[in-house]
Structure formats: structure tokens, C-alpha cells
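J.: Compute the structure for the input listed below.
(one chain, ligands or ions: 1)
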Amino acid sequence: MIDIAFPSSTSGALSAVAPRHLFTTRVLPFRGDTAAADWVRVAEALHTPETAIVRVSQVHGRRVLVVTPGTPTVSGAEADAIICTDPSRTVAVRVADCVPILIADRSHRVVAAVHAGWRGSCAGIAGAAIEAIAELGIPPADLVATIGPSMGPCCYQVDDRVRLAFLSMTPDAAEWFSEDGPNHWKLDLWRANADQLIAAGVPAPSVTHMNVCTGDDRERCWSYRRDGAGAGRMVAAIGL
Ligand SMILES: [Zn+2]
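T.: The predicted structure follows:
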């Protein structure tokens, strides 16, 4: 039987620094009528009230929502990263092939959840999240990050349009693509996001890759590309 979440031992340093986190499996589909019940299961697993889980309307951009003690929770806020310094709340993103990234600080001052599809990765959402944390006075060198289940470099085929969008952002992006037939490429979003985290100051050894590809791991993962419109979603959530 598959658990509702991946074993925390696969999250690297995050499991010691922020034990209250999870990456869900396809056991919870977060779809239609049962989505509310799935959120309740996540809340139970994280020992928090369901109403204390902060979610956003994800728009594939680089906007960061900062939640501090006293910040009211605005339902439906548009953002692709949520930073939280409030111990009474938990932050969560939903994905189905896009890259979920959970971040925590070794001194337990901040946690963050990031949703990085190709557009968000191209817009630099992971770096934007680290910059926003640094603005709170927390050094990026103190952070740990885990890159969760998502479509891996083995499966994520894109066309020229995507590659050109990345190259117009940074020439470094060339290293994230490998040729995959005429006008097509395999894009390594895991590395793209890890490189952005590291460029923003997170130490390379503090970035963990779960190396779970949603395209390959049918048993545990939803994949929008594989499952189409019927795909469920997977949640990455973290609290202080
Ligand atoms: Zn794959």
C-alpha cells in the first residue's frame, strides 16, 4: 500500500530542519468532490488545522507571497511561492509535473513552498523566493531546499519556443537542455531550479533532489502529461 506522502527520509536535510513537511503521492488526488477531504488528510499529517494551510492561485509567474505573524490570509492571492515566518500556519503548493520546491532555514525562522513549471522556472521563481527570504534578514547560506516529484530530464520534452524563452533569460540556460529530435529538447527543470537556488546563495550541498519523475513513477505520481485532464494533483506543504 502506498502512503499518502513520500517518506520524509527522501527529503534530505529538510527532514531534520523542518520535520513538519510532506510531498503527497497519488493516493490523494486533490480533485473535485474529494479535494476538501484530501486537504484534511494533509492537515492531520502535519498536525495543523486545515484552515491554517495557506494556498495561493498559482499563475506560473515570479510573484512571492510573504506570510508573517499577523498577515491576514487572503484567499485566492496570485503567487507561485509562499514564504512563511508564522509558526501557526503551513504553506502549500499543488503540482502535476511542475516542480515543487520546499525550503527551510536551519535556525527555524522561515519555510517556503515554490511551484516552478517551465514558465515559473524561466521567470526565476526559485531565485525570487530566496531573494524575498534574504530581504527578511535570513541569510540564504542557512537554507536547505528539496526539489520534489516532478517531470524529470528523462521525460520532459519541450520545443524550440521554450528553449528560446529560457535563453533570452540567461545564456546559462543552454546547459539545461539536451537535443531530442528536430526542434525538440529535453529540459532539466530539476537542474534549472537547483542552479537558481545555488546562484541565489543556497549552498549546493543543501539542495536535495528527490529524483522522482512523475512521468515514470505511475505507481506513486500523477502526471498531467501522462494522465491528461483526469490527472490529480500532488501537494507539497511545509510549516515551521
Ligand atoms: Zn522520467
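J.: What strand or helix carries Ala236?
T.: Ala236 is part of strand 234-239, with elements assigned from DSSP states H and E.
J.: Kindly report the same for Arg41.
T.: Under the criterion DSSP H and E, the helix or strand holding Arg41 is helix 35-45.
J.: Without its sequence neighbours, what residue ends up closest to the most centrally placed residue in the chain?
T.: Compute the mean C-alpha point of the chain, and by CA atoms, centre = their mean the closest residue is Pro100, 1.7 Å away. If the residues on either side of it in the chain are set aside, Pro100 comes closest to Ala236, at 3.5 Å by CB to CB, 6 or more residues apart in numbering. In this view, the C-beta of every residue, glycine as well, is placed from N, C-alpha and C.
J.: Next, the angle from the strand holding Ala236 to helix 35-45.
T.: Note on geometry: by axes from the mean of the first three to the mean of the last three CA atoms, to 10 degrees, strand 234-239 and helix 35-45 are set 40 degrees apart in direction.
J.: Strand 234-239 pairs with which strands, parallel or anti?
T.: Applying DSSP bridges, strand 234-239 is found paired with strand 21-23 (antiparallel), strand 90-95 (antiparallel).
J.: what residues does that strand touch?
T.: Identification of contacts with strand 234-239 by CB atoms under 8 Å, 6 or more residues apart in numbering yields 14, 18, 20-26, 28, 30, 38, 42, 46, 48, 52-53, 84, 87, 89-96, 100-104, 111-113, 148-149, 214, 221-222.
J.: Now the buried members of those.
T.: Among those, those classed as buried by 16 or more other CB atoms under 10 Å are 14, 18, 20-26, 28, 30, 38, 42, 46, 48, 53, 84, 89-96, 100-104, 111-113, 148-149, 214, 221-222.
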